[in-house]
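> Got a sequence here, can you build the structure:
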Amino acid sequence: MFRSEGPTPYILLVVLCCLLYLPGLTRLPVVDRDEARYAQATRQMLESGDFVRIRFQDEPRHKKPIGIYWLQAASVSLFSASEGKDIWPFRVPSVLCATLAALLTFALGRRLFDARRALLGAALLAACVMLIFEAHQAKTDAALLAATLAAQGSLALVYLRAKSEEPALVWPVISFWFALGVGILIKAPVAPVLSGFTIAALVIADRNGQWLKRLRPLPGILLLALVVCPWAFAIYKATGGSFFYDSVARDILPKLISVHESHGSPPGYYLLLSTITFWPASACLGPTLHGAWKKRRSPGVRFCLAWIVPYWIFFELAPTKLPHYTLPVYPALALLTADALFTLKEGGAKWPRFWPRWVPILVWSITGAAMFGISIFFPWYFDGRFLPEALLPGLAAVAAVALAIRSLAGERPVKSAIIMIVGSTVIFGFALHRILPEVRGFWPTTTVVDAVHALERARGTRIPVASVGYQEPSLVFMLGTDTGLLTSANAVSLLARNPRALVIVDNKSEEEFHRDLDAARVSVREIGSVRGFHYTKGRWITLRFCVSTAAPSEEGTNLPGTNPARLPGP
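Down below sits the predicted model:
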């Protein structure tokens, strides 16, 4: 169908990725909390000129290495200014890396299987829910996926050439160690752990590790060190070694030993969650697993299984779980899914009994109905209004599911997968660009920022802002690095020192705030309030805008999104 050396598959994948990842990129508000922290730390690098240390306001951020911050800093320098309030320049590296991941999946799949399977597998990866959302956030995971894919693809080439007794090549070895180094700079242990698990599984399955000599371990480790060590030495000197202690002792080890930051779930969590995060391909996991087991002696399938199984088991057993932890194995899973669907189409296998054909029909039907319901429910629940355009993603989901089910019932599994991929571009394009950004109740920070800017325009000057209770990094990113995320007592102290300051207090902190006001003999008046859904806490909140009674009067000022009944009268 496609010439493996031609540009057509790559062009198709780039177009698909643009349709999936660009809608909503500029319109979605900054997402708490990780995205806001990454973007703010990058901005502070640009403001300070210090590209070694990582900080959020005055707090050292000793969790992830420097790689994503450098990528974001380069993007912001190219497309914007560090003081700009737009989040999209910080997201560009994620879009590019997600697109690169799709292209690398095709390049790898073409070698492991054939061009048709590779193209479908790459498209299934590009359209999966998890990667779509990671491509829209200024975080590490899309960049990590690209780095691990480059390493795994190079490792696969070394392995396959050894299996077929072809002469060794130098460039896959160089790219393997270089990609591992880049992966370490993005998210320290993940890339080497993934490749290490893959190598161990292949050696055990083949009962032969002679091919490992082709990786040139000694020169390879030297190359990896050249990539990682310059920044490692710099950050060690800048922090006195505290970066590495905090990263290992306070971030990595706690996640492996116990439930960290309340992100715990029992084994089976990722398998169950993959029905959503790997959608739409997740509906075909039964044929995927069945086909992979049947063809496990095929070098390409064996490599994919070695890639997936030990890494997946490791994270299922780890006490701390977050949805994106298994994303690095999704390319292999997508390629195995594509191989299974083509094998079914070509008559090389039968639909597995343990996964009847009605299972994917049921999964797609439930998700289609859920998307239709959510598209209508979301604006109504959070804003109390009906958006007519909200029907479009819901109707697109229903139409795509109906056509996919029809094709699947007609024993055309590949066509059904293609329909769902195309449907995803419409569903998520409208949802992320038109619906989700318009739901104001879901983005309280946006409403708060609009109100603060309106107050600044009324006063004709910039206002010191502090927040009590609502301690979201998005406030700092959108209002400025000097925005205070303070305790109640410190906020009262700020009002006493600077009557022109504005303090935002959430409803859970009001009682404590007023006690501290009474103790300090500071009087305030409330000039507005905002009600919204605090999605990081999963609850509704009310945020009140308080200023000192000694501050200038804001009579007649209309703060967008606030309760006008609380504005001061004449």
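> how close does the residue nearest to the spatial centre of the chain get to T140?
Among the residues of the chain, the one closest to the centroid is E134, at 2.8 Å (C-alpha atoms, centre = their mean). Look at E134 and T140: by C-beta to C-beta, to the nearest Å, they are 9 Å apart. Using the backbone N, CA and C atoms, a C-beta is placed for each residue, glycine as well.
> Same check on L226?
In terms of C-beta to C-beta, L226 sits 22 Å off from T140.
> for N208, same thing?
For N208 relative to T140 (C-beta to C-beta), the value is 35 Å.
> Low-confidence bits of the stretch 201-350 of the chain, can you list those?
Residues of the stretch 201-350 of the chain meeting the criterion pLDDT under 70: 258-264.
> brain fart, the chain
Ranges of the chain meeting pLDDT under 70: 1-5, 82, 258-264, 551-570.
> how does it divide into domains?
The chain breaks down by automatic domain parsing into domains covering 8-345, 358-440, 443-566.
> what's the closest of those to P352?
Of all these, the one in closest proximity to P352, counting by C-beta to C-beta, is domain 8-345 (3.9 Å).
> I'd like the distance from that closest one to the chain centre, please.
On the basis of C-alpha atoms, centre = their mean, to the nearest Å, domain 8-345 sits 11 Å off its chain's mean C-alpha point.
> May I see the domains of the chain arranged in JSON lines, with distance to P352 as well?
Listed next are these as JSON lines, based on distance: least, C-beta to C-beta, whole Å:
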{"stretch": "domain 8-345", "distance to P352": "4"}
{"stretch": "domain 358-440", "distance to P352": "10"}
{"stretch": "domain 443-566", "distance to P352": "38"}
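> Quick check: which of these is nearest to W351?
So among these, domain 8-345 is nearest, using C-beta to C-beta, at 6.5 Å.
> re earlier: who has more neighbours out of L226 and T140?
Neighbour count, other C-beta atoms under 10 Å: between L226 and T140, T140 has more, with 26 against 12.
> Helices of the stretch 101-250 of the chain, start to end?
With DSSP state H, counting those that start in this stretch, the ranges of helices along the stretch 101-250 of the chain come out as 115-127, 129-135, 141-163, 171-187, 190-206, 217-239, 242-247.
> among these, which is the most enclosed?
helix 115-127 (a mean of 26; mean count of other C-beta atoms under 10 Å).
> Could you figure out how far it is turned away from helix 141-163?
160 degrees (axes from the mean of the first three to the mean of the last three C-alpha atoms, to 10 degrees).
> same for helix 115-127, what does it pack against?
helix 8-21, helix 88-112, helix 330-345, helix 413-430 (3 or more C-beta pairs under 8 Å, 6 or more residues apart in numbering; DSSP states H and E).
> dump the residue contacts of Q471.
L485 (C-beta atoms under 8 Å, 6 or more residues apart in numbering).
> For W540, see how far away it is.
17 Å.
> Ok, G196 next?
Distance from G196 to W540, by C-beta to C-beta: 46 Å.
> Equivalent analysis for P328, please.
36 Å.
> ok, the two, which is more surrounded?
The neighbour comparison of P328 against W540 (other C-beta under 10 Å) goes to P328, with 27 against 13.
> three-state assignment of the more buried one?
In three-state terms, and counting by DSSP: H, G, I helix; E, B strand; the rest coil, P328 is helix.
> How about G347?
coil.
> Could you give the number of residues near it?
Neighbours of G347 (other C-beta under 10 Å): 8.
> now P167
Applying other C-beta under 10 Å, I find that P167 has 6 neighbouring residues.
> Spit out the contact partners of it.
Counting by C-beta under 8 Å, 6+ apart, P167 has contacts R161.
> So what does it have for phi and psi?
phi -60, psi 150 (degrees, to the nearest 10).
> wait, A332 sits on V309?
No: using C-beta atoms under 8 Å, A332 is not in contact with V309, being 9.7 Å away.
> The two: which is more packed in?
A332 (30 against 17).
> do you know how far the more buried one is from L145?
In terms of C-beta to C-beta, A332 sits 12 Å off from L145.
> just W312 next, same as before
Distance from W312 to L145, by C-beta to C-beta: 15 Å.
> Most tightly packed of the helices and strands packed on helix 115-127?
helix 330-345 (a mean of 26).
> chain center to the helix or strand that that helix is followed by: distance?
Following helix 330-345 in sequence order, the next helix or strand is helix 358-383 (DSSP states H and E). For helix 358-383, the distance from its own C-alpha centre to the chain's C-alpha centre is 22 Å (C-alpha atoms, centre = their mean).
> If I take helix 358-383 and helix 413-430, what angle do their directions form?
0 degrees.
> can you pull the buried residues of helix 358-383?
359-361, 363-365, 367-368, 371-372, 374-376, 378-379, 382-383 (16 or more other C-beta atoms under 10 Å).
> In the helix or strand following that helix, which residues are buried?
Following helix 358-383 in sequence order, the next helix or strand is helix 391-409 (DSSP H and E). By neighbour count on 16+ other C-beta under 10 Å, the buried set for helix 391-409 is 392-398, 400-401, 403-405, 407-408.
> With distance to K64 as new columns, can the residues you listed be given to me in CSV?
Below are the buried residues of helix 391-409 laid out as CSV (distance: C-beta to C-beta, whole Å):
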residue, distance to K64
L392, 37
P393, 33
G394, 37
L395, 40
A396, 36
A397, 35
V398, 40
A400, 36
V401, 38
L403, 42
A404, 38
I405, 42
S407, 42
L408, 41
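> and which of the residues you listed is nearest to W443?
Of all the buried residues of helix 391-409, W443 sits closest to P393, with 18.4 Å by C-beta to C-beta.
> wait, what's in contact with that closest one?
371, 375, 426-431, 435.
> so can I have CSV of those showing distance to S247?
Shown next, in CSV, are these (distance: C-beta to C-beta, whole Å):
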residue, distance to S247
M371, 39
S375, 41
V426, 42
I427, 38
F428, 34
G429, 38
F430, 40
A431, 36
I435, 38
